[in-house]
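Student: Everything below, folded, please.
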Amino acid sequence: MQTVATQKGQIVIPAPLRRKYGIRKGTRIAVSDQQGWILLQPITTGYIRSLRGLLRGTNSLAKLMEERAREREREDGRQRPRLR
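Tutor: Okay, here's the model as predicted:
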């Protein structure tokens, strides 16, 4: 299958692929660059469900909390004192 980009860079996803991947009006699509390929990933409820448990056992919550604490420290250091 092929499609052509418009002057604005828009493309049409062929109907068979839209049906296959559940793409309807308003479906969000993630666009990324993967080693020289443009990857389009429809963000559907099925896709979201497939991500459940993906980070289980990776200690990601602790890492997120540490990163947020570092961000707060950086922001506190940049805040200017308030003038009264």
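
Student: Give me the neighbour count for Pro42.
Tutor: If you count neighbours by other C-beta atoms under 10 Å, Pro42 ends up with 18. Quick note: C-beta positions are derived from backbone N, CA and C, even for glycine.

Student: Identify the residues contacting the helix or strand encompassing it?
Tutor: Using DSSP states H and E, Pro42 sits within strand 37-43. Applying C-beta atoms under 8 Å, 6 or more residues apart in numbering, the external contacts of strand 37-43 come out as 13, 21-23, 27-33, 47.

Student: chain center to it: distance?
Tutor: A distance of 10 Å separates the centroid of the chain from that of strand 37-43, by C-alpha atoms, centre = their mean, to the nearest Å.

Student: contacting residues for Arg24?
Tutor: Counting by C-beta under 8 Å, 6+ apart, Arg24 touches Arg18.

Student: The spatially most central residue of the chain: what's its closest spatial neighbour, skipping adjacent residues?
Tutor: Nearest to the geometric centre of the chain sits Ala30, at 5.6 Å (C-alpha atoms, centre = their mean). Leaving aside its sequence neighbours, Ala30 sits nearest to Gln41 (C-beta to C-beta, 6 or more residues apart in numbering; 4.4 Å).

Student: now Val31
Tutor: Leu40 (5.9 Å).

Student: neighbours around that neighbour, how many?
Tutor: Using other C-beta under 10 Å, Leu40 is surrounded by 13 other residues.

Student: how near is it to Ala62?
Tutor: As for Leu40, its distance to Ala62 is 33 Å (criterion: C-beta to C-beta, to the nearest Å).

Student: Alright, that wraps it up for me.
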